[in-house]
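1. Provided below are the primary sequence and the corresponding predicted coordinates.
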Amino acid sequence: MNIRHFLTLLDLSSEELKQIINRAIELKAMRNRGEVYEPLCNKVMAMIFEKSSTRTRVSFEAGMAQLGGHAMFLSSRDTQLGRGEPVEDSARVISSMVDVVMIRTFSHEIIENFAKHSKVPVINALTDDYHPCQLLADMQCFFEHRGDIQGKTVTWIGDGNNMCHSYINAAALLDFHLNVACPQGFDPDATLLAENKNRVSIFRDPKEAVKGAHLIATDVWASMGQEDEQEVRLKRFEGYQVNPALMDLAHQDAIFMHCLPAHRGEEVSDEMMNDPRSVVFDEAENRLHAQKALLEFLLVN
């Protein structure tokens, strides 16, 4: 059997991504109706965390349980990975005992190396370069609130980080245009930009970037591992806060997303988090449903 991994969105075709989004919407409706659906009975997922997490751990662990399986939490403090065991050795051993592995780590090369030596599907639950699971939830959220995103304009405001990179991949797969508003020196990966030059536009002025946009998204200015840059980034990103006044410049039907956790008063105002155009908590809940659809896709389909 051909093992399918999910390390970036580009591990899916456009059709497969839309299939997972639509299936996530169906699974959400099934859960809301109280239907029991357990296709992963007797399946086990290893969850390897080298970075802290709230939504990722809760959504994967709850999702696996709701599908009839079991999720096993492993931190670098509790395993030999944290004591220098080669990634490939851990991959061979762990994948021989479970049915799927979810990894949240720093270097993207770690998860690529793990997947190379794994006997089961490996899911990227966040690396420094990509956060594809969050994009599944974000796209599900847009489809639920506004329909198909094809042909729309999305504006990313803030650091050209792992979330921004995954938005670039989503733009390529789902055929929308991405405006990225960030200060000089905080652009997304240059190679990724070059590969998507007809689909991504870089702005230095957030007000210009949001004009006509149907979705505005942002993230914290200092990601995990960048805490020592916090003060510098606060100064560099001054003027890049998403607030109701900025949203007023977007399309009249625009919605706002944030992958959370949010630093209210920094990248997003408190008022914007509570604004009727904000769908951040629907977006957060969708991590559960989108990842259930992903698990079903990888293990049942």
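-> That came in fine, so what should we check first?

2. Can you get me a residue count around the residue lying closest to Asp159 once chain neighbours are set aside?
-> Counting by Cβ to Cβ, 6 or more residues apart in numbering, the nearest residue to Asp159 once its immediate chain neighbours are dropped is Phe186, at 5.2 Å. Every residue, glycine included, has its C-beta placed from N, CA and C. A count of nearby residues for Phe186, using other Cβ atoms under 10 Å, gives 17.

3. In three-state terms, label Phe186 for me.
-> Three-state assignment for Phe186 (DSSP: H, G, I helix; E, B strand; the rest coil): coil.

4. quick one: it and Leu135, what's the gap?
-> In this structure, Phe186 and Leu135 are 20 Å apart, going by Cβ to Cβ, to the nearest Å.

5. Ok, Met47 next?
-> Per Cβ to Cβ, Met47 is found 19 Å from Leu135.

6. What lies in contact with stretch 45-54?
-> Under the contact criterion Cβ atoms under 8 Å, 6 or more residues apart in numbering, stretch 45-54 has outside partners 56-57, 60-61, 64, 69-76, 79, 81-82, 94, 97-106, 125-126, 224-225, 260-261, 295.

7. Among those residues, name the ones in strands.
-> His70, Ala71, Met72, Phe73, Leu74, Ser75, Val100, Val101, Met102, Ile103, Arg104 (DSSP state E).

8. Tell me how far stretch 107-122 lies from the chain's centre.
-> Stretch 107-122 sits 18 Å away from the centroid of its parent chain (Cα atoms, centre = their mean, to the nearest Å).

9. Contacts for that stretch, please.
-> In contact with stretch 107-122 (Cβ under 8 Å, 6+ apart) are residues 3-7, 87-88, 90-92, 94-96, 98-103, 105, 124, 127-130, 298-299.

10. which of those count as buried?
-> 5-7, 87, 90-91, 94-95, 98-103, 105, 124, 127-130, 298-299 (16 or more other Cβ atoms under 10 Å).

11. Can you flag which of those belong to helices?
-> By the criterion of DSSP state H, membership of those in helices covers Val87, Ser90, Ala91, Ile94, Ser95, Leu298, Leu299.

12. Turn those into JSON lines, including pLDDT and distance to Lys197.
-> Formatted as JSON lines, these follow (pLDDT from 0 to 100; distance: Cβ to Cβ, whole Å):
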{"residue": "Val87", "pLDDT": "92", "distance to Lys197": "34"}
{"residue": "Ser90", "pLDDT": "93", "distance to Lys197": "38"}
{"residue": "Ala91", "pLDDT": "96", "distance to Lys197": "35"}
{"residue": "Ile94", "pLDDT": "96", "distance to Lys197": "39"}
{"residue": "Ser95", "pLDDT": "98", "distance to Lys197": "38"}
{"residue": "Leu298", "pLDDT": "98", "distance to Lys197": "32"}
{"residue": "Leu299", "pLDDT": "98", "distance to Lys197": "37"}
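
13. Need those in JSON lines (columns: distance to Lys18).
-> Formatted as JSON lines, these follow (distance: Cβ to Cβ, whole Å):
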{"residue": "Val87", "distance to Lys18": "33"}
{"residue": "Ser90", "distance to Lys18": "34"}
{"residue": "Ala91", "distance to Lys18": "30"}
{"residue": "Ile94", "distance to Lys18": "31"}
{"residue": "Ser95", "distance to Lys18": "29"}
{"residue": "Leu298", "distance to Lys18": "16"}
{"residue": "Leu299", "distance to Lys18": "19"}
